[in-house]
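*Asks:* Below: sequence and its predicted model.
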Protein chains: 2
Amino acid sequence: MLKYQQIANEIELYIENQQMQQGEKLPVLESLIRKFDTSKSTIIKALDLLEKKGLIFQVRGSGIFVRRKKRKNYINLLSNQGFQKDLEEFNITSEVLELDICKPTEAVAQNLQIDMNQDVYYVKRIRYIEEETLCLEESYYNKAIIPYLNKEIVTESIFQYIEDGLGLKVGFSDMYMQIGKLTEQEANYLKLKNSEPKLIMESIFYLTNGTPFDYSMVTYNYNQSQFYILGTGI
Amino acid sequence: MLKYQQIANEIELYIENQQMQQGEKLPVLESLIRKFDTSKSTIIKALDLLEKKGLIFQVRGSGIFVRRKKRKNYINLLSNQGFQKDLEEFNITSEVLELDICKPTEAVAQNLQIDMNQDVYYVKRIRYIEEETLCLEESYYNKAIIPYLNKEIVTESIFQYIEDGLGLKVGFSDMYMQIGKLTEQEANYLKLKNSEPKLIMESIFYLTNGTPFDYSMVTYNYNQSQFYILGTGI
């Protein structure tokens, strides 16, 4: 973790520990520079990161102010950290339905930018929240990048294994969302009725070097899923 | 518009004009500094803005690369610019159902951080895409900030009026999303059937100084709405 990321984490902790509210003012730039005994540019990078995460907003000539997510139990759509952090009060579990090595379909190959004769890991699992179905997830991992997965890994957090176990850095993602009606099969998996509402989230995850490594389709149970985005105004 | 924003726009235009593809490399920092005849810090700010918008990614020690949104006709969830830009190939129109000055409900007052005896503009409209219903929108504007609205303004882009007409700057937003089933009344407005899927997007929009000015609830026609997010990895 880089210096400015560490400082961003410390400021985030400070906001939480002080139970600062939306609109409350943080110490001025000069105080932060002294407090963290670092350069102006490092503090500015830390503040930019916090702004990007939706935790503060900066008003030119006026100061740095706190933003607080006001609703609990909503899933952060912009986080690559998975549900765990947003839903930490709940018991989130995974049931692995399939874990195979196979060849990609054309769509999968295209999204992962690989040839159709390359291998991919296919993982199909149901995620549960407090024993209710949360979503059905189908993911394809480029095996040239993720050479090994087993049932234990995919029952837990795959991304944590990728970062901690393989030492890879997850960079950014493209996400596509659509609303529709459940097919009979999806309804069975999610223990819902045929034709009930669904949200489908298609994501392509890239490493920091721009290589796509994961293409996933997640179908959410409409009863259990609510999302938030702290937009930063672009 | 600030210098770095201008330069960001020019780089964006350059990417489009050169029809650069995902993964293509942009000129190195030093060339950009020379090309735009500006300081290193201005170029860095311009690149950070483009990264935040999901148009480029930067790889430490390797360079600056292009990201391209690959699907057309999806709505950018992170943009405060409204649909128009994403759906520019389509004819988007608004039918104004109601435009009133009234007192806020408790929820509206709380979201707009005002007292319940203050006035708000209430706007209810249906947006159409190529004559099909796209969404039903109910918005509340703090009248102390948006002192005047009329039917012509709310038929067109309200945000454009706020920025160009009132000279206010839209800053950031909190968004909350849920999936559900249409009520009979919502179904009538959207020309769909009772209990069909809906996506509800609740947003609070803030000025750059952190003051909330608009609280809106938008119910989308599931047949017409698809969204994308270019996540930046936080």
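*Replies:* Structure's in. What do you need? Numbering: from 1, shown residues only, chains lettered A, B, ... in the order given.
*Asks:* For chain A, give the residue positioned nearest to chain B.
*Replies:* A:Pro197 (3.3 Å; CB to the nearest CB). Heads up, the C-betas are built off the backbone N, CA and C, glycines and all.
*Asks:* Dig out what that residue forms beta bridges with.
*Replies:* A:Lys181 (DSSP bridges).
*Asks:* can you pull out the strands in chain A?
*Replies:* A:56-59, A:63-66, A:75-76, A:92-102, A:120-129, A:132-142, A:170-181, A:197-207, A:212-221, A:226-231 (DSSP state E).
*Asks:* What does the pLDDT read for the residue of chain A closest to chain B?
*Replies:* Reported pLDDT at A:Pro197 in the predicted model: 96.
*Asks:* and what of A:Leu207?
*Replies:* In this model, A:Leu207 carries a pLDDT of 93.
*Asks:* Can you give me the neighbour number for the nearest residue to it once chain neighbours are set aside?
*Replies:* Leaving aside its chain neighbours, A:Leu207 sits nearest to A:Gly171 (5.3 Å; criterion: CB to CB, 6 or more residues apart in numbering or on different chains). Residues near A:Gly171, counting by other CB atoms under 10 Å in any protein chain shown, number 21.
*Asks:* Does A:Gly171 touch A:Ile204 like I think?
*Replies:* No. At 11.1 Å, A:Gly171 does not count as touching A:Ile204 under the criterion of CB atoms under 8 Å.
*Asks:* quick revisit: got the contact list for the residue nearest to A:Leu207?
*Replies:* For A:Gly171, the contact set (CB atoms under 8 Å, 6 or more residues apart in numbering or on different chains) comprises A:Phe205, A:Tyr206, A:Leu207, A:Thr208, A:Asn209, A:Gly210, B:Phe57, B:Gly233.
*Asks:* Neighbour count added to those, as CSV?
*Replies:* Converted to CSV, the contacts of A:Gly171 look like this (neighbours: other CB atoms under 10 Å in any protein chain shown):
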residue, neighbour count
A:Phe205, 24
A:Tyr206, 22
A:Leu207, 18
A:Thr208, 16
A:Asn209, 13
A:Gly210, 19
B:Phe57, 23
B:Gly233, 18
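*Asks:* With distance to A:Asn188 added, can I get the residues you listed in CSV?
*Replies:* Output for the contacts of A:Gly171, formatted as CSV (distance: CB to CB, whole Å):
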residue, distance to A:Asn188
A:Phe205, 28
A:Tyr206, 33
A:Leu207, 35
A:Thr208, 38
A:Asn209, 40
A:Gly210, 38
B:Phe57, 39
B:Gly233, 34
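*Asks:* So for the lengthiest helix in chain A, what gets flagged as buried?
*Replies:* Taking DSSP state H as the assignment, the helix of chain A that covers the most residues is helix A:3-17. Using 16 or more other CB atoms under 10 Å in any protein chain shown as the test for burial, helix A:3-17 gives A:Tyr4, A:Ile7, A:Ala8, A:Ile11, A:Glu12, A:Ile15.
*Asks:* Would you mind measuring from the fourth one to A:Pro27?
*Replies:* Separation of A:Ile11 from A:Pro27 (CB to CB, to the nearest Å) stands at 9 Å.
*Asks:* Ok, A:Lys40 next?
*Replies:* A:Lys40 is 14 Å from A:Pro27, by CB to CB.
*Asks:* Compare those two (neighbour count), which wins?
*Replies:* More neighbours surround A:Pro27 than the other of A:Lys40 and A:Pro27, with 14 against 11 (other CB under 10 Å).
*Asks:* Quick check, that one in contact with A:Lys35.
*Replies:* Yes. With contact defined as CB under 8 Å, A:Pro27 counts as touching A:Lys35 (6.9 Å).
*Asks:* Kindly reformat the strands of chain A as a markdown table and extend each row with distance to B:Lys191.
*Replies:* Below are the strands of chain A laid out as a markdown table (distance: least, CB to CB, whole Å):
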| stretch | distance to B:Lys191 |
| --- | --- |
| strand A:56-59 | 39 |
| strand A:63-66 | 43 |
| strand A:75-76 | 31 |
| strand A:92-102 | 38 |
| strand A:120-129 | 34 |
| strand A:132-142 | 30 |
| strand A:170-181 | 16 |
| strand A:197-207 | 17 |
| strand A:212-221 | 25 |
| strand A:226-231 | 26 |
